[in-house]
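Asker: Pasting a predicted model and its sequence here:
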Amino acid sequence: MRTGQPLPAVGEVLASLATGMWHWDTATGLVSVDAEAARLLGLPAREATLREAQVRARLHPVDWNEITGVVQLAVAEGTLAEVRIRIMDERNRIIRVVRSRSKPTFDARKNAYKLIGTLQEVAEPAPGSPAGRRAVTGDWRRSREAFLLDAGRALAEARSTAEVLRVAACLSMPGFSPDGLAVFGVQADRLTIIGHHGQRPGDEGPFVHMALETDYPAAEVVRTGRAVYLSSPGQYKSRYPLTWPLAERFHRHSWAFLPLTVAGRTMGAWMAAFTYPVAFTPDERSVLTTVARMLAQALSRAGTAETERELSEGLQRSMMPTLGPEVPGMALAARYVPTGGGLQVGGDWYDMIPLPGATSRSRTPSGSGRFAMVIGDVQGHDVRAAGLMGQLRIALRAYACEGHRPDGVLSRASRFLHGILAAGADGEGGEGNEDSAEVADLRFATCLYAEVDPRTGVLEVARAGHPDPVIRMADGTVLQRPTAGGLPLGIDPDSDYPTTRFTLEPGETMMICTDGLIETGGHDLDTGWQRIRTILERHGGEAEELADALVQAVHGPSSHHTTGPLADRREDDIAVLLLSRRRDGLAVRPRLRHTLMTVAQAEPERVSVARRQLRELLHDWSSEEHVDSAVLLLSETLANVLLHTDVDALVLAEVSGERGERRLRVEVTDAGDDLPHKRRPGELASSGRGLVLIELLADAWGVVPRGQGKSIWFELYEASPAR
């Protein structure tokens, strides 16, 4: 180069020396590289801006940890950060070794580092040699500590034996990485292979079920609890001549066998084998011993978790019955979801019970396939609740198979559960502790028992403190079906459980569930019911698809966007049963919803039930004032029957038409002969205003005499203005 000529660009000089440049800003997480640096990283040779994850994927994990430590040390000492880095390909093989030199700076305001440096390829030292395990900084122990921290975190996060073995197979120790790994367990007096890596499938055959008395390193480790280090094939052959032929075919040069010890008990052995000679210095033995301890703890935790999971799943499978064969004319679906934490089974259950005479061989009317649907929830979510649930389910099935009616089944089940709880309190109380034991063991169970006749769709329901069934009508309208009920099972042995009878029409679906489906996710009964109603009304699939949709709405990803008003996101077991009656080609009146119920003279409290049913029927009515008017008019017509006659009232409410132009018709029928007459009551009169209110608030109304009795009806139109 002649004097006075301009110097070449820095990039050109570095490229001629096979040296790349890079810039890394930890605040943005981006790394900029020139073409030579990209080539050295195993990427296409062109300038690029990469994410940290892309760069980290090309580096040996141990060297990535080394970079972090060296950068922090260089900033603290004000020196250059220099480190040797192994570059990996897509199959985790080392393709080259480069040396990185950089000048890092630290931005305290952003709490981030900025680095500008160079990359240059260097010769790779022989594996196992002192240079091979010594970083350019000369601080191999710091690299070892970084590796152990990373390995400990990865093993602690593993949740199953398979995950633990996968993590162990990926461990790359600083300066000496094993080529083959094997984890041995103990069954009775024999070794077994839990998992291995670096060998072909089937190579473990000779080592499976090996007697502990065998002259084999892993067997000796389990017997003595002391590690065995073999630095050369000759040392292996001289010490274990009988089993050397088994190891010779793998062509390894060094082996380490370490005990897997938990709480002072040797549960197995870990083998790390190397394709190059390893001297097993004190530092190397320290690393291997620490990894073996962490591996033993991780395997112990994973084994315990898997055992508990298998136990709970087995208990759940044994306690949750199948729905049995398909029922002609009916479709059934069931789901059980245990709560997220602890024992994966609790007090919720469901059952389907074929009733006496319900076999296909019977020619009697009672042998038409009748069956019972049962759902319930024992208080608590523990082993005691699960045990009581199993006993109660068996008792209910036995009482049903004896041929008792729904009220008789629940009465006997309540007496049975009360007896179990009383006996348990007496047995655990002891002297001076009767009260505390009885209070501690006080339990109860809610339950709903429904007897179904699939030919007619008639259901007879008895309820013990359980939520009412829900009916989705043929047009998609969803209503709670009020049923008579008694106390939860186990509280009072003499409780009475009245029966409610209604018909499931073609195209309708009944849902019964435990409160977990309603209240999970911070919901109370009101807000949770609105969430479930939305799913039921919008879903048009079959019973199985609807069951999945209900569970997903409560436990799936969408449930986190529909949390309830309560501060805590309450989790509970979920059991749900769906019963659909097929239409069998029958036409269903379009856009028609209705409700039908009776109000007896002896049950004036059912007026409030009728009011609630009417509000649910009109839950999506466009005018809230119309809804209030309809409820008021229904109250007046029912009060007229209860006050001025001695007969019962039958209420029929129907909504027809398309949304926005629907018509509500309410008809109250009784067997009384006296027709109502409109009067002009004075200011102090206590009655006589019913028909006046109907005339003022209804769009149409009338009184229809019948052969025996009469009907009072009124109509409200959604399109008309509120009165």
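Answerer: Good, I have the coordinates.

Asker: So which bits of the host helix or strand of Leu596 are buried?
Answerer: Per DSSP states H and E, Leu596 falls inside strand 592-599. Buried residues in strand 592-599, counted by 16 or more other C-beta atoms under 10 Å: Arg593, His594, Thr595, Met597, Val599. In short, each C-beta sits where N, CA and C put it, glycine included.

Asker: Next secondary structure element downstream of that strand?
Answerer: Assigned by DSSP H and E, the successor of strand 592-599 is helix 606-617.

Asker: May I see the buried residues of that next one?
Answerer: Arg606, Val607, Ala610, Arg611, Gln613, Leu614, Glu616, Leu617.

Asker: Next: stretch 545-556.
Answerer: Buried residues in stretch 545-556 (16+ other C-beta under 10 Å): Leu546, Ala547, Leu550, Val551, Ala553, Val554, His555.

Asker: Around the residue lying closest to the fourth one once chain neighbours are set aside, how many other residues sit close by?
Answerer: Nearest residue to Val551 in three dimensions, chain neighbours excluded: Arg335, at 5.3 Å (C-beta to C-beta, 6 or more residues apart in numbering). As a burial measure, Arg335 scores 18 neighbours (other C-beta atoms under 10 Å).

Asker: How far away from the center of its chain is stretch 611-623?
Answerer: 34 Å (C-alpha atoms, centre = their mean, to the nearest Å).

Asker: Need the residues that contact it.
Answerer: 477, 479-480, 482, 533, 593-595, 597, 626-627, 630-631, 634-635, 653, 655, 659-660, 662, 664, 666, 718, 722 (C-beta atoms under 8 Å, 6 or more residues apart in numbering).

Asker: starting at the chain centroid, how far to the biggest helix by length in the chain?
Answerer: Criterion DSSP state H: the longest helix present in the chain is helix 282-319. In terms of C-alpha atoms, centre = their mean, the centre of helix 282-319 is set 22 Å apart from its chain centre.

Asker: Check which helices and strands that helix sits against.
Answerer: helix 140-157, helix 161-170, strand 254-262, strand 265-274, helix 383-401 (3 or more C-beta pairs under 8 Å, 6 or more residues apart in numbering; DSSP states H and E).

Asker: Next, the angle from that helix to strand 254-262.
Answerer: 50 degrees (axes from the mean of the first three to the mean of the last three C-alpha atoms, to 10 degrees).

Asker: pLDDT averaged over the helix or strand following helix 282-319, what's the number?
Answerer: Later in the chain than helix 282-319, the nearest helix or strand by DSSP H and E is strand 330-337. What strand 330-337 shows for mean pLDDT is 88.

Asker: Sketch out the low-pLDDT regions of the stretch 451-600 of the chain for me.
Answerer: 556-562, 564, 567-571, 584-592 (pLDDT under 70).

Asker: can you map out the strands along it?
Answerer: In the stretch 451-600 of the chain, the segments counted as strands under DSSP state E, counting those that start in this stretch are 458-464, 470-472, 478-480, 485-486, 499-503, 509-513, 574-581, 592-599.

Asker: now swap in the stretch 1-150 of the chain and tell me
Answerer: 19-25, 30-33, 48-51, 81-88, 94-107, 112-122.

Asker: possible to save the ones you listed as TSV with mean pLDDT, distance to Gly185 and mean neighbour count?
Answerer: Converted to TSV, the strands of the stretch 1-150 of the chain look like this (pLDDT from 0 to 100; distance: least, C-beta to C-beta, whole Å; neighbours: other C-beta atoms under 10 Å):
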stretch	mean pLDDT	distance to Gly185	mean neighbour count
strand 19-25	89	45	20
strand 30-33	91	44	18
strand 48-51	90	41	15
strand 81-88	85	32	20
strand 94-107	88	32	16
strand 112-122	88	43	17
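
Asker: Can you check which of the ones you listed gets nearest to Ala639?
Answerer: strand 48-51 (73.8 Å; C-beta to C-beta).

Asker: Tell me the neighbouring strands of that closest one, and mark each as parallel or antiparallel.
Answerer: The pairing partners recorded for strand 48-51 under DSSP bridges are strand 30-33 (antiparallel).

Asker: Which residues does the strand it pairs with contact?
Answerer: So strand 30-33 is contacted by 20-24, 41, 43, 47-52, 54-55 (C-beta under 8 Å, 6+ apart).

Asker: check contacts around the residue nearest to Val551.
Answerer: By C-beta under 8 Å, 6+ apart, the neighbours of Arg335 are Ala547, Asp548, Leu550, Val551, Ile574, Ala575, Val576.

Asker: Reformat the residues you listed as a markdown table; add distance to Val378.
Answerer: Listed next are the contacts of Arg335 as a markdown table, based on distance: C-beta to C-beta, whole Å:
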| residue | distance to Val378 |
| --- | --- |
| Ala547 | 22 |
| Asp548 | 26 |
| Leu550 | 22 |
| Val551 | 21 |
| Ile574 | 14 |
| Ala575 | 11 |
| Val576 | 17 |
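
Asker: tell me the two of those residues that are most distant?
Answerer: Asp548 and Ala575 (14.7 Å).

Asker: where's Glu505 relative to Ala547, distance?
Answerer: Distance of Glu505 to Ala547, computed by C-beta to C-beta, to the nearest Å: 21 Å.

Asker: which non-adjacent residue is nearest Asp699?
Answerer: Per C-beta to C-beta, 6+ apart, closest to Asp699 is Tyr717, 4.8 Å.

Asker: What residues are bridge-paired with the one you found?
Answerer: Applying DSSP bridges, one finds that Tyr717 bridges with Arg663.

Asker: from memory it sits against Arg663, does it?
Answerer: Yes. Contact criterion C-beta atoms under 8 Å: Tyr717 and Arg663 qualify, at 5.5 Å.

Asker: Listing request: residues of the stretch 201-350 of the chain with sub-threshold pLDDT.
Answerer: Ranges of the stretch 201-350 of the chain meeting pLDDT under 70: 282, 308, 311-322, 324-325, 339-346.

Asker: gap between Gly521 and His555?
Answerer: 9 Å.

Asker: Also Val186?
Answerer: Val186 is 39 Å from His555, by C-beta to C-beta.

Asker: With Thr477 instead?
Answerer: 26 Å.

Asker: Also Arg93?
Answerer: For Arg93 relative to His555 (C-beta to C-beta), the value is 43 Å.

Asker: related to what we said a few turns ago, I'd like the strands of the stretch 1-150 of the chain as CSV, with distance to Phe280 appended.
Answerer: CSV is the format used below for those (distance: least, C-beta to C-beta, whole Å):
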stretch, distance to Phe280
strand 19-25, 37
strand 30-33, 38
strand 48-51, 39
strand 81-88, 22
strand 94-107, 22
strand 112-122, 27
